[in-house]
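A.B. asks: just to be clear, the model below is a prediction. Sequence and coordinates:
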Amino acid sequence: MDQANEQLIAGQRFTLEPDEMQADRWILNFGPQHPATHTTLRLVLILDGERIVDCVPDIGYLHSGFEKLGEVHDINQYVTVTDRTNYLSPVMNNLAWHGAWEKLFGIELTPRCKVIRTIVGELARIQDHVLSAGASALDLGAFTPFLYLFEDRELIYDLLEEISGARYMNSYTRLGGLFRDITPDWPRHVREFLNHMPKTLADCETLLLRNRIFIERLRGIGCVSRDDATNWSLTGVVARASGVLRDLRKDEPYLCFEQNWDGHGSSPVDFKVPVSDMGDTYARFVLRLEEIKQSLHIIAQLIDNIPPGPVNTASEEKINLPDKTEVWGSIEGLIHHFEIVMWNRGWEPPVGEAYGAVESPNGELGLYLVSSGGRVPYRARWRPPSFINYQCFGDLIKGHQVSDVVAVLGSLNIIAAELDR
Amino acid sequence: MITEQRVPGGMITTRPPFITGRLSEMISELRNPVKWARRWSLWPLPFATACCGIEVMALGASRYDIGRFGAEAMRFSPRQADLLICAGRVAIKMMPILQHIYKQMTEPKWVMSMGACASTGGEFNVYATVQGVDQFLPVDVYVPGCPPRPEQLLEGLMLIQRLIDDGKSCLSYERAKGMRMRVKPEKITTLETVSNTVNEVLQRKGDL
Amino acid sequence: MAETADNKTLKVGVPGPLGSAGARGISVPADQPYGAWHPAVQSLQSRFGTTFQPFPLVINRAGPTDQVCLKVPAGQLLDVMRFLHDDDRCRFDLLSDLTCVDYLYFPNATDRYGVTYTLVSTPLRHRLWIKCYTNDPEPAVPSVTSIWKGANWQEREVWDMFGVRFPGHPDLRRILLWEGYGSHPLRKDYPPQGLGERANFEILGPQSA
């Protein structure tokens, strides 16, 4: 903690003297159309010279009624909308959405489904961290790492396209299972990717973390202390960079992170949670790269041991669409298929509420679901990590220079669609 | 004159007219080298609000490489751009800003509506989103998809290049004759209203 | 600079023991009343008596879940929240989620707006849900921004979307929609396509600047 205290003391050089508040001020409108604000964030900065005296974030420029849409789409239809919330890692939102519903229903998934979902979720985490690290480097003027990292993102696109049919917006999960099983070649392709990715990471670390300009622009900028982090409701990388030891995969485990996930006494997947107590922009950047390595480690453990069996729940439970041979071959299968597809039939979730959350790349991605018993949710509330992480920005940036805005924004990884929903 | 040839990749290459043509033709048809220069140096402004913006980034990255079409110089200042790529859904709150940016672009300018949300509203048929930016801007090319693959976006870019070759008028005041609706920017948000808000906030904090 | 950059700032560690009542994973004891195993509920009942009865958020096909909820009247909300934040057996230092549900068409609902708080304790690793109901015509719930700064924008969002006021909030403005937007769109009596906000633009001539 000594290091953290040092850093926080260093952060205090940014506090303002009272007489400085009286100086002449400029108002700078930053965004919403600005490359570093990813086009939809808007900041109104009150400046004293280059120094930020106050900052008022103004959001809502991409508000598109996700939660209202959740009240008119049924459980499996809405998964296409969930893709568009955090669009850096679409599959992770699918996992969160159907994971929360399965909690409400009380459905237990098959082991094969759990393993595939875990792998896909970690691929999504890599996908997200790769782009957010690359884009924040790009915002600071480093173009090469962005190109390197984006190529790996393309490889993940290929992997996800192979199993889901869609390159980007995968909509891969269904209630109680998956859209479809993986292809036989997929584990081999994933292994090729696992061999390729560490080289890219090593290249980027050499390019960025040994670059004095890059480090000096990140170090000691945007410090958040541990107590502030929890009080501001920060989660995910941003909180862990401030020393909050909290990762839902460890604290409230789900899928393969749970003890005995397959019913045969399997232990949870082994991985470590990188934590720093520096709390600055640099720590957040390094933690992202470190989490990529841990995700690769998780995938490497699972990819060779995908258990056989079905990916969907058994057809007696009347949750998933039955297999096509069953639909075409038997009258029960046909009726079962129609009962799920028809709008006035289908699932009968219990009346009540449930909260389900996954550890998304940005933090705790939760869904608070209210069901009145119909196939359409009564209310679907997103607990968006970007929105909640972003609210500390106004205080965080106070006293910094204008050029630090870009660095801190990049390290918080604000996704506009998740912010405004 | 312009000689076009299709290469197997589907890309249209054009030989500069002042290399193939005779001197007199070149002088009489000065607009041809201008077209040639324009079509290979489109400078896009990626108005990337949502998911489609990531596919624009994919297009700029190494695998798809928009630089093969001379359009790799992404400009975020409307004064330096001549192709507005409207990528992603546009909220009603955002629409005045988009129009403002379009007005700031210099002539000649083209607009590409990328993706289902920008073109029609897509799956976001809700209270807060604009159901198609073509109600407010003269759109030249619609790229379907949600989001479109980068290949589709390249096809859209090639369509813009063909529009340039056709040489039809692209001046915005002529094209905007069909447009009826314009948002008054002051209605939603201006710098003055924001600075008023800021002053209110500061007064509430007791800083002023 | 480079050496410190590589290793010294980074501590790879594993969080401590797992939570007792996380979002899932606890088997509910059948021989005691629901929620009695939850340390925060015990602590709260020893302080405020048994006025707050815990109930499960949902009873599904596997039985009642481990997501314990308490209904707190608006008058006592701040006291209860402050107690939950400060008490040693509760220590809810993270307000994970603050939202609202409009129960207008919900079967057997008596109150209209249910403001829902999801509390998390990062040291003790448990969760608790608090519900506070309020009704028309002036729906209001006291603001908890004095306890958790993270409630700030979430309360603004609830005001924007549901029209529930939070007395005590430092800056209660609309956040996602613009000032002057007439309605609160996540109320159940508001249609998804809106009340004409998409079409009622002021139309200026095409030549106007």
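C.D. replies: On my side now, so go ahead. On a predicted model such as this, the values are computed, not experimentally measured, just so you know. Numbers count the residues shown, from 1 in each chain, chains lettered A, B, ... in the order given.
A.B. asks: flag the shaky bits of chain B, pLDDT-wise.
C.D. replies: B:1-29, B:168-208 (pLDDT under 70).
A.B. asks: how about the nearest residue to the residue in it that chain A sits nearest to, chain neighbours excluded?
C.D. replies: Residue nearest to chain A within chain B (C-beta to the nearest C-beta): B:Val126, separated by 3.3 Å. Glycine gets a C-beta too; all of them are placed from N, C-alpha and C. In space, and not counting its chain neighbours, B:Val126 is closest to A:Gly65: 3.3 Å by C-beta to C-beta, 6 or more residues apart in numbering or on different chains.
A.B. asks: again, but for A:Phe214
C.D. replies: Nearest to A:Phe214 is A:Leu208, by C-beta to C-beta, 6+ apart, at 5.1 Å.
A.B. asks: what about the one you found, how many residues nearby?
C.D. replies: 24 (other C-beta atoms under 10 Å in any protein chain shown).
A.B. asks: that one reaches A:Ala137, doesn't it?
C.D. replies: Yes: using C-beta atoms under 8 Å, A:Leu208 is in contact with A:Ala137, at 5.9 Å.
A.B. asks: so what sits against both of the two?
C.D. replies: Contact criterion C-beta atoms under 8 Å, 6 or more residues apart in numbering or on different chains; residues bridging A:Leu208 and A:Ala137 by contacting each: A:Pro145, A:Phe214.
A.B. asks: secondary structure class of residue 46, three-state.
C.D. replies: Since you didn't name a chain, this refers to chain A. strand (DSSP: H, G, I helix; E, B strand; the rest coil).
A.B. asks: the chain in question should be chain C.
C.D. replies: Once three-state DSSP is applied, C:Ser46 turns out helix.
A.B. asks: quick one, strands of the stretch 201-350 of chain A?
C.D. replies: Taking DSSP state E, counting those that start in this stretch, the strands of the stretch 201-350 of chain A run over residues A:273-275.
A.B. asks: err, chain C, not the other one
C.D. replies: C:11-13, C:55-56, C:59-60, C:63-64, C:68-71, C:94-102, C:113-121, C:126-134 (DSSP state E).
A.B. asks: and the residue of the stretch 201-350 of chain A found nearest chain B, what does it touch?
C.D. replies: Distances between the stretch 201-350 of chain A and chain B by C-beta to the nearest C-beta are smallest at A:Asp203, namely 13.5 Å. Contacts for A:Asp203 were tallied using C-beta under 8 Å, 6+ apart; they are A:Pro145, A:Tyr148.
A.B. asks: ditto for the one 5 residues further on
C.D. replies: When contacts are counted by C-beta under 8 Å, 6+ apart, A:Leu208 is found next to A:Ala137, A:Ala142, A:Pro145, A:Phe214, A:Phe285.
A.B. asks: make it 6 Å
C.D. replies: By C-beta atoms under 6 Å, 6 or more residues apart in numbering or on different chains, the residues touching A:Leu208 are A:Ala137, A:Pro145, A:Phe214.
A.B. asks: need phi/psi at the nearest residue to A:Pro253 once chain neighbours are set aside.
C.D. replies: Distance criterion C-beta to C-beta, 6+ apart; nearest residue to A:Pro253, sequence neighbours excluded, is A:Pro268 at 6.2 Å. The phi/psi pair for A:Pro268 (degrees, to the nearest 10) reads phi -70, psi 160.
A.B. asks: how far away is the residue in the stretch 251-400 of chain A that chain C sits nearest to from chain B?
C.D. replies: The nearest approach of the stretch 251-400 of chain A to chain C comes at A:Gly352, 2.8 Å away (C-beta to the nearest C-beta). Counting by C-beta to the nearest C-beta, to the nearest Å, the gap from A:Gly352 to chain B is 26 Å.
A.B. asks: element containing A:Leu409?
C.D. replies: helix A:402-412 (DSSP states H and E).
A.B. asks: in contact with B:Gln131, which residues?
C.D. replies: By C-beta under 6 Å, 6+ apart, the neighbours of B:Gln131 are B:Gly121.
A.B. asks: pull the number of nearby residues for residue 162.
C.D. replies: I'll assume chain A. Using other C-beta under 10 Å, A:Glu162 has 15 neighbouring residues.
A.B. asks: hmm, I had chain C in mind actually
C.D. replies: Going by other C-beta under 10 Å, the residues that sit close to C:Phe162 add up to 23.
A.B. asks: for chain B, what's its nearest residue on chain C.
C.D. replies: For chain C, C-beta to the nearest C-beta, closest residue to chain B: C:Gly194, 2.9 Å.
A.B. asks: contacting residues around that residue?
C.D. replies: Counted by C-beta under 6 Å, 6+ apart, C:Gly194 has contacts B:Tyr127.
A.B. asks: what's the separation between it and B:Val126?
C.D. replies: Separation of C:Gly194 from B:Val126 (C-beta to C-beta, to the nearest Å): 7 Å.
A.B. asks: ditto for A:Leu334
C.D. replies: 36 Å.
A.B. asks: the longest helix in the chain is where?
C.D. replies: Assuming you mean chain A. Longest helix in chain A, counting residues (DSSP state H): helix A:111-139.
A.B. asks: right idea, wrong chain: chain B
C.D. replies: Taking DSSP H as the criterion, chain B has its longest helix at helix B:150-166.
A.B. asks: dump it to PDB, restricted to CA.
C.D. replies: C-alpha atoms of helix B:150-166 as PDB (Å, rounded to 0.1, in the frame of the first residue of the first chain):
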ATOM      1  CA  PRO B 150     -16.300  -4.400 -44.200                       C
ATOM      2  CA  GLU B 151     -16.600  -5.900 -47.700                       C
ATOM      3  CA  GLN B 152     -20.000  -4.400 -48.000                       C
ATOM      4  CA  LEU B 153     -18.700  -1.000 -46.900                       C
ATOM      5  CA  LEU B 154     -16.000  -1.300 -49.500                       C
ATOM      6  CA  GLU B 155     -18.700  -1.900 -52.100                       C
ATOM      7  CA  GLY B 156     -20.500   1.200 -50.800                       C
ATOM      8  CA  LEU B 157     -17.300   3.100 -51.200                       C
ATOM      9  CA  MET B 158     -17.000   1.900 -54.800                       C
ATOM     10  CA  LEU B 159     -20.500   3.000 -55.400                       C
ATOM     11  CA  ILE B 160     -19.600   6.500 -54.300                       C
ATOM     12  CA  GLN B 161     -16.600   6.400 -56.700                       C
ATOM     13  CA  ARG B 162     -19.000   5.500 -59.500                       C
ATOM     14  CA  LEU B 163     -21.200   8.400 -58.500                       C
ATOM     15  CA  ILE B 164     -18.200  10.700 -58.900                       C
ATOM     16  CA  ASP B 165     -17.500   9.200 -62.300                       C
ATOM     17  CA  ASP B 166     -21.100   9.800 -63.400                       C
END
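A.B. asks: report whether it contacts chain A.
C.D. replies: No: if you take C-beta under 6 Å from any C-beta of the partner chain as the test, helix B:150-166 misses chain A, and the best it gets is 9.0 Å.
A.B. asks: check which helices and strands that helix sits against.
C.D. replies: Here helix B:150-166 is seen to pack against helix B:31-39, helix B:51-60, strand B:141-143 when contacts are counted using 3 or more C-beta pairs under 6 Å, 6 or more residues apart in numbering or on different chains; DSSP states H and E.
A.B. asks: now do the buried residues in the last one.
C.D. replies: Judged by neighbour count using 16 or more other C-beta atoms under 10 Å in any protein chain shown, the buried positions of strand B:141-143 are B:Val141, B:Tyr142, B:Val143.
A.B. asks: which of those residues lies closest to chain C?
C.D. replies: The nearest member of those to chain C, counting by C-beta to the nearest C-beta, is B:Tyr142 at 19.6 Å.
A.B. asks: show the backbone phi and psi for the closest residue to chain B within chain A.
C.D. replies: For chain A and chain B, the shortest gap (C-beta to the nearest C-beta) falls at A:Gly65, measuring 3.3 Å. Per-residue torsions, A:Gly65: phi 60, psi 40 (degrees, to the nearest 10).
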